[in-house]
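Engineer: Quick one: sequence and predicted model below, then my questions.
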Amino acid sequence: MPKLNVLIAGSTGYIGIQLIKLLVKHKYIKIKYLCGNSSIGKKISNFDKSLSNKKLPKIVKFNKEYLNKIDIIFTALPNGEAQKISNYLKDKNVLIDLTADFRLKKASDYLKWYKIKHKSIGNIKKSIYSLPEITKDKVKKFNIISCPGCYPTSILLPLIPLVEKKIVKLNHIIIDSKSGYSGAGRSVHNKYKNKNLYQSLSAYGVGFHRHNSEIEQTLMKYSKKKINFNFTPHLSPMFRGILSTIYIEVNKSVTQSKIRDILENYYKKDIFIRILKNDSMLSTNDVINTNNCYISVCRTKYKNKFIILSSIDNLIKGGSGQAIQNMNLRFGFNIKEGLK
């Protein structure tokens, strides 16, 4: 089949660069436009030398006229910008957003958590929040696809099957997540200039991180009940990767093996999810530079309490790889295309 033309808006950030690296290997994709603001006229290889041998366009400022020549738009811009672009979409355009612009189903929630008034309220109902292993082929009906955040991806993949089966007590969930500093974008080096970023662990957004809204919205969708949890993110002195440690309480009749069986059965057809043996220790090193999510169910000293470990690469499974998964599902490509 002929290649689809792609525009990447926000091409020079960590997520944008990783997306380009994957898309240049995708046999059905041609990158036609790379868009940016402060880097107009530059080559993308200025930001990553590994792309110097690829035939890629120079960076240009986004122009809505480009959409006439484009099939797919990937957006990795500051929050609010994808909403503006969505207002210019043609019937043939598919927008795949890697930011938070269409993750929340109420404009009022978006304003509450992101302090920005939604600029495309009419398109919220036309969009889908798509965690590929959960949403699957439903994504084919939508031209605006919202990719989950990196932290929520690592958290929702293990929790959704368990809350859907109603085996987790919904008011006793604690989530502790640690991410490589690339998850905070290139500006992280300035924000943490005097905080020894590369040798220290930093908690941030304690109690009120924006991803709380996304996690709560999605878990309530599958639990059908109010849910209470505490989520604390941390920046770790590593470039990439996320390890989430999730503390759950279950009914006394629920065993460790039952929890693992539920997860294994739920994801038995999903090649990027691997449920490890019980009590397996996880490292981000197991998954970096892949689109995989590794999950392990671990015992504690209490019979009805367990710890779930979940690890992903924040730039791939938590970002660009997940976006390509959604694209592959939307257009009927092999789910592994561009992600091998």
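Structural biologist: Sure thing, it's come through.
Engineer: Could you use CA atoms for every contact and neighbour count after this?
Structural biologist: Noted.
Engineer: Phi and psi next, for the residue nearest to Asn93 when sequence neighbours are not counted.
Structural biologist: If the residues on either side of it in the chain are set aside, Asn93 comes closest to Asp71, at 4.9 Å by CA to CA, 6 or more residues apart in numbering. Comment: the main-chain dihedrals of Asp71 come out as phi -100, psi -40, following degrees, to the nearest 10.
Engineer: Could you tell me which residues make contact with Asp71?
Structural biologist: For Asp71, the residues meeting the contact criterion (CA atoms under 8 Å, 6 or more residues apart in numbering) are Leu4, Asn5, Val6, Lys92, Asn93, Val94.
Engineer: Downstream of the strand or helix carrying the third one, the next helix or strand is which one?
Structural biologist: Right, the one you point to is Val6. Under the criterion DSSP states H and E, the helix or strand holding Val6 is strand 4-9. Using DSSP H and E, the next helix or strand after strand 4-9 towards the C-terminus is helix 14-23.
Engineer: What is that following helix packed up against?
Structural biologist: helix 321-331 (3 or more CA pairs under 8 Å, 6 or more residues apart in numbering; DSSP states H and E).
Engineer: I'd like the average pLDDT over the helix it packs on.
Structural biologist: Confidence for helix 321-331, expressed as mean pLDDT, is 98.
Engineer: That helix packs against which elements?
Structural biologist: Where contact means 3+ CA pairs under 8 Å, 6+ apart, helix 321-331 is packed against helix 14-23, strand 94-97, helix 132-135.
Engineer: Of those, which stretch is the most buried?
Structural biologist: Among the helices and strands packed on helix 321-331, strand 94-97 has the highest mean neighbour count (mean count of other CA atoms under 10 Å), at a mean of 25.
Engineer: so where do the strands sit in the protein?
Structural biologist: With strands called from DSSP state E, the chain shows them at 4-9, 29-35, 59-60, 72-75, 94-97, 127-129, 144-146, 173-180, 202-203, 229-236, 242-249, 273-275, 293-299, 305-312.
Engineer: What helices and strands are in contact with the second one?
Structural biologist: If I follow you right, that is strand 29-35. For strand 29-35, the contact count by 3+ CA pairs under 8 Å, 6+ apart identifies strand 4-9, strand 59-60 as packing neighbours.
Engineer: rewinding a little: Serialize the helices and strands packed on helix 321-331 to a markdown table and add fields for distance to Tyr114 and mean pLDDT.
Structural biologist: As requested, those are exported to a markdown table (distance: least, CA to CA, whole Å; pLDDT from 0 to 100):
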| stretch | distance to Tyr114 | mean pLDDT |
| --- | --- | --- |
| helix 14-23 | 20 | 96 |
| strand 94-97 | 16 | 98 |
| helix 132-135 | 24 | 97 |
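Engineer: Nearest to Leu67 among the ones you listed would be which one?
Structural biologist: strand 94-97 (10.0 Å; CA to CA).
Engineer: Among the contacts of Asp71, list the two that are farthest apart in space.
Structural biologist: Among the contacts of Asp71, the pair separated by the greatest distance (CA to CA) is Val6 and Lys92, at 12.1 Å.
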